[in-house]
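[1] Give me coordinates for this.
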Amino acid sequence: MKNDSGVSPIPGSLKVIAAAVLAALLLVACSGDSLPVHEDLSADRFQLVNQDSSHVTFPQDYAGEILVVGAVYTQCPDVCPRITGKMDEVRRRLDSPSDVRFVTLTFDPRRDTPARLHAYRSAFGLEDANWPFLTGSPDTIDALMQQLQIKSEVSSGDTTGTYFIDHTDQITLVDSRGRVRYRYHGSGTPPELIIEDIQKLRG
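    Numbers count the residues shown, from 1 in each chain. Next up, the predicted model:
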């Protein structure tokens with residue numbers, strides 16, 4: 001049925017639906033969360049241990065927190081210290097907020113024992129930071145690195161002693177629901193870009 005202008009009126013039920021859709025679109029736009037979802041880790045259960053040998057289930061034990069995740073090995077002479085330093089700069093600029101957790105994973109579990117991770121963490125002055133350094137069995141670490149798309153392989157040296165590893169230079173941003181939202185060039189990304197993306201996830 002048309003009104004006097006010759007235009008068919010919109011039924012009331014459709015108006016309600018249209019209003020709901022518009023509200024949803026406005027909510028998304030206002031949230032500013034424009035980051036894509038690259039990988040969903042929410043159903044994964046990686047059994048790890050931290051620098052104090054306490055058991056951790058990753059990422060479930062950190063549900064509800066935004067995660068800034070770095071992957072390193074403690075014998076790394078160059079890139080890994082820069083990754084850790086970059087993460088620490090982001091942490092300090094954010095003033096250690098309660099909704100963001102910084103996590104370091106090793107992809108060299110054969111050498112990076114909890115004791116070695118504890119010493120490495122202390123060397124960066126992070127003893128009082130709420131920042132776990134995690135290791136686990138080689139199979140578990142390999143599976144987790146595959147999920148995070150971090151590759152590593154021994155480049156030189158004797159695997160029974162001293163050796164060096166070629167690896168992906170990456171910091172990973174995981175949202176509070178356990179979903180990978182961004183992968184950064186770990187040692188080269190300006191901290192303000194990571195902070196900007198954290199703010200997007202905060203909505």
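[2] so where do the strands sit in the chain?
    For the chain, the strands defined by DSSP state E occupy 39-40, 46-49, 55-58, 66-72, 100-106, 133-134, 152-157, 163-167, 170-174, 179-185.
[3] TSV please, covering those strands and showing distance to R93, mean pLDDT and mean neighbour count.
    C-beta: built from backbone N, CA, C; applies to glycine. As requested, those are arranged in TSV below (distance: least, C-beta to C-beta, whole Å; pLDDT from 0 to 100; neighbours: other C-beta atoms under 10 Å):
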stretch	distance to R93	mean pLDDT	mean neighbour count
strand 39-40	26	96	14
strand 46-49	27	98	18
strand 55-58	25	98	16
strand 66-72	12	98	24
strand 100-106	11	98	24
strand 133-134	21	98	24
strand 152-157	29	86	11
strand 163-167	26	94	16
strand 170-174	14	98	23
strand 179-185	15	97	19
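[4] Now tabulate those strands in a markdown table and tack on distance to M87.
    Shown next, in a markdown table, are the strands of the chain (distance: least, C-beta to C-beta, whole Å):
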| stretch | distance to M87 |
| --- | --- |
| strand 39-40 | 20 |
| strand 46-49 | 18 |
| strand 55-58 | 16 |
| strand 66-72 | 5 |
| strand 100-106 | 5 |
| strand 133-134 | 11 |
| strand 152-157 | 18 |
| strand 163-167 | 16 |
| strand 170-174 | 6 |
| strand 179-185 | 10 |
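[5] Which of those sits closest to G203?
    strand 66-72 (10.9 Å; C-beta to C-beta).
[6] which strands and helices sit next to that closest one?
    helix 79-94, strand 100-106, helix 138-148, strand 170-174, helix 191-202 (3 or more C-beta pairs under 8 Å, 6 or more residues apart in numbering; DSSP states H and E).
[7] wait, which of these is closest to F124?
    Each of these was scored for nearness to F124 using C-beta to C-beta, and the closest is helix 79-94 (5.8 Å).
[8] Tell me who's in contact with the residue nearest to G157 when sequence neighbours are not counted.
    Once flanking residues are discounted, G157 sits nearest to Y163: 3.0 Å by C-beta to C-beta, 6 or more residues apart in numbering. Going by C-beta atoms under 8 Å, 6 or more residues apart in numbering, Y163 touches 75, 154-157.
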